[in-house]
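I'd like to go over a predicted model; first the sequence, then the structure.
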Amino acid sequence: MNTSNNNHSFMNDVHGNEDAIVNAEYKHSRDCFLRNAFLFLDNAERIIGDPRMSLARVPVSNGLAYTGAFPIACIGAYLDWWLHSGIEEILHDKEGRNALTWVVSGSPLSGMNSCSCVYPDGSIDTISHGSFGKIWRSFLDAIKRCCPEKETVEPFSIEEVVEILKTNAATEEDILRARLAVQQSVSSRLRFNLNQIFGRYMDVCNRYESMCLKYHKDELSAFRTDVLRITAETGKALQAVAVEVSASRKEYREGVKSKDEHTKLMDDLNKRRGEIEQQLKKFKTDGIARLTADGELTKELIESYLSSK
């Protein structure tokens, strides 16, 4: 199989279609946010005081029926909402246990809603709020107030904020060290995921190519037979040209043929050689175009088949 071509195609697919990897990273960041929601709350003053931390985006979908999704919230918006909205029910579940509402979802008309809350241990549950209108309006206001569309600083990631808080990084050097540790972890995780995907991709490619070769074996076999035959004929024709070239050079050296005669013959022979080679190339090109017309076989797969024993 043409592994180098598969590698090239795979990288094109990765660059052109990153959904699976990106979604996995979104889920990882969301889970990190949930595991550390109360850590953020405990360190609200420091986070809000540093725009790089407060503007860290939280990959959670919030919104309303009929009107659609809210803008993506940042940590600062959640903290502002939890601390300053004055709505107690977003800080507790129905039994009064500590639980922070982190998903706002429902109808602005009926007030029916299915929100989510997170507990100190990171576990989550569904919760329906009574004063939903007040809740969604206050949360949307917090997003608009705390998460500007145009950021004046480069926000940290959720994971970076967690590492900074857990390591008590105070100086810029400590903060940078904490961020480097996170990025190293992210890099390793992405590399592992990419290798896993690439392995599965290669398995699929190999199975697909094997099936294509079996399904088109008669056409491919006939094409290879024709290519070998015409290649052999081309080789004989080129050898005949080479003999004429050698003979003309000998006659020119011996004075039997003039320079003009020799030069004219060389031009003719070079032209004939080019035409012979072009005929073989055209036969291969036309044959490959015919075999790839239905989109199943590829040029690379056919060339690999022709070069195999």
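Done, it's in.

from here on, contacts and neighbour counts on C-alpha atoms
OK.

how about the helices of the stretch 51-200 of the chain, start to end?
Along the stretch 51-200 of the chain, counting by DSSP state H, counting those that start in this stretch, helices occupy 51-54, 75-84, 132-146, 158-166, 172-215.

averaging pLDDT over each of those helices, which comes out lowest?
When the helices of the stretch 51-200 of the chain are compared by mean pLDDT, helix 172-215 comes last with a mean of 89.

ok, and for the helix or strand just after it, which residues are buried?
Downstream of helix 172-215, the next assigned helix or strand under DSSP states H and E is helix 217-253. For helix 217-253, the buried set under the neighbour-count rule, 16 or more other CA atoms under 10 Å, comprises 220, 223-224, 227, 230-231, 234, 237-238, 241, 245, 248-249, 252.

From those, pick the one nearest residue 125.
Nearest to residue 125 among the buried residues of helix 217-253: residue 220, at 59.2 Å, using CA to CA.

mind checking pLDDT for that closest one?
On the pLDDT scale, residue 220 is placed at 92.

any chance of the helices of the stretch 51-200 of the chain in a markdown table, plus distance to residue 291?
Converted to a markdown table, the helices of the stretch 51-200 of the chain look like this (distance: least, CA to CA, whole Å):
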| stretch | distance to residue 291 |
| --- | --- |
| helix 51-54 | 57 |
| helix 75-84 | 56 |
| helix 132-146 | 57 |
| helix 158-166 | 51 |
| helix 172-215 | 11 |
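
nearest to residue 68, of those helices?
Taking the helices of the stretch 51-200 of the chain one by one with CA to CA, helix 132-146 is closest: 12.2 Å.

Let me know the angle separating that closest one from helix 75-84.
Relative orientation of helix 132-146 versus helix 75-84 (axes from the mean of the first three to the mean of the last three CA atoms, to 10 degrees): 130 degrees.

that older thread, just so I know, which of the helices of the stretch 51-200 of the chain lies nearest residue 62?
That would be helix 132-146 among the helices of the stretch 51-200 of the chain, by CA to CA, at 9.3 Å.

For the closest one, buried residues please.
Applying 16+ other CA under 10 Å to helix 132-146 flags 132, 133, 135, 136, 138, 139, 140, 142, 143, 144, 146 as buried.

Kindly reformat those residues as JSON lines and extend each row with distance to residue 199.
Converted to JSON lines, these look like this (distance: CA to CA, whole Å):
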{"residue": "132", "distance to residue 199": "47"}
{"residue": "133", "distance to residue 199": "49"}
{"residue": "135", "distance to residue 199": "47"}
{"residue": "136", "distance to residue 199": "45"}
{"residue": "138", "distance to residue 199": "47"}
{"residue": "139", "distance to residue 199": "44"}
{"residue": "140", "distance to residue 199": "43"}
{"residue": "142", "distance to residue 199": "44"}
{"residue": "143", "distance to residue 199": "41"}
{"residue": "144", "distance to residue 199": "44"}
{"residue": "146", "distance to residue 199": "43"}
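
so which of those residues comes closest to residue 182?
residue 146 (24.9 Å).
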